[in-house]
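Engineer: I'd like to go over a predicted model; first the sequence, then the structure.
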Amino acid sequence: MISKDEVLHVAELANLKFKDDEIDGFVSQLDKIVTIASNLSTVDTEGIEPTYHMGDTKTVFRPDKGIHTQTREEMLENVPETQDNLIKVPTIVDKEDDE
């Protein structure tokens with residue numbers, strides 16, 4: 001059984017913030033996932049060849065040609081902010097000051 005403390009620990013490692021009323025739902029969901037995964041170990045796979053690829057393994061070859069459709073200046077006209085002739089994007093991973 002997955003505990004509330006384990007969910008909170010993983011959430012902290014992943015820098016996720018949950019409301020108190022959401023945590024019990026995650027405990028239940030993660031416990032179901034772990035139970036299903038543990039059931040897989042009981043499946044008899046004797047004599048079954050391992051599957052290494054889920055899709056078609058044929059590769060379609062084509063010439064690799066670079067095609068310039070826009071200049072750098074034309075592309076940078078469409079972005080909200082640039083810095084040093086590059087696209088500047090907002091920071092998406094940021095620790096709070098109190099951590």
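Structural biologist: Nice, I can see it.

Engineer: now the helices for this structure?
Structural biologist: Taking DSSP state H as the criterion, the chain carries its helices at 4-13, 20-40, 72-76.

Engineer: now the ones you listed in CSV, with distance to residue 57?
Structural biologist: The C-beta positions use only the backbone N, C-alpha and C, and glycine is treated the same way. Listed next are those as CSV, based on distance: least, CB to CB, whole Å:
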stretch, distance to residue 57
helix 4-13, 35
helix 20-40, 24
helix 72-76, 36
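
Engineer: Adding mean pLDDT and mean neighbour count as columns, could you present the ones you listed in TSV?
Structural biologist: TSV is the format used below for the helices of the chain (pLDDT from 0 to 100; neighbours: other CB atoms under 10 Å):
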stretch	mean pLDDT	mean neighbour count
helix 4-13	92	13
helix 20-40	91	11
helix 72-76	88	11
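
Engineer: which one of those helices lies closest to residue 86?
Structural biologist: Closest approach to residue 86 among these (CB to CB): helix 72-76, 8.5 Å.

Engineer: And the contacts of that closest one?
Structural biologist: With contact meaning CB atoms under 8 Å, 6 or more residues apart in numbering, helix 72-76 is reached by 82, 85, 87.

Engineer: Please apply the same query to stretch 8-16.
Structural biologist: For stretch 8-16, contacts defined as CB under 8 Å, 6+ apart pick out 17, 18, 23, 26, 93, 95.

Engineer: Out of the contacts of helix 72-76, which is nearest to residue 69?
Structural biologist: residue 87 (16.8 Å).

Engineer: The residue most central in space within the chain and residue 28, how far apart?
Structural biologist: Nearest to the mean C-alpha position of the chain, by CA atoms, centre = their mean, lies residue 14 at 11.2 Å. Residue 14 sits 18 Å away from residue 28, going by CB to CB, to the nearest Å.

Engineer: Determine how far stretch 68-85 lies from the middle of the whole chain.
Structural biologist: Averaging C-alpha positions (CA atoms, centre = their mean, to the nearest Å) puts stretch 68-85 28 Å from its chain's average.
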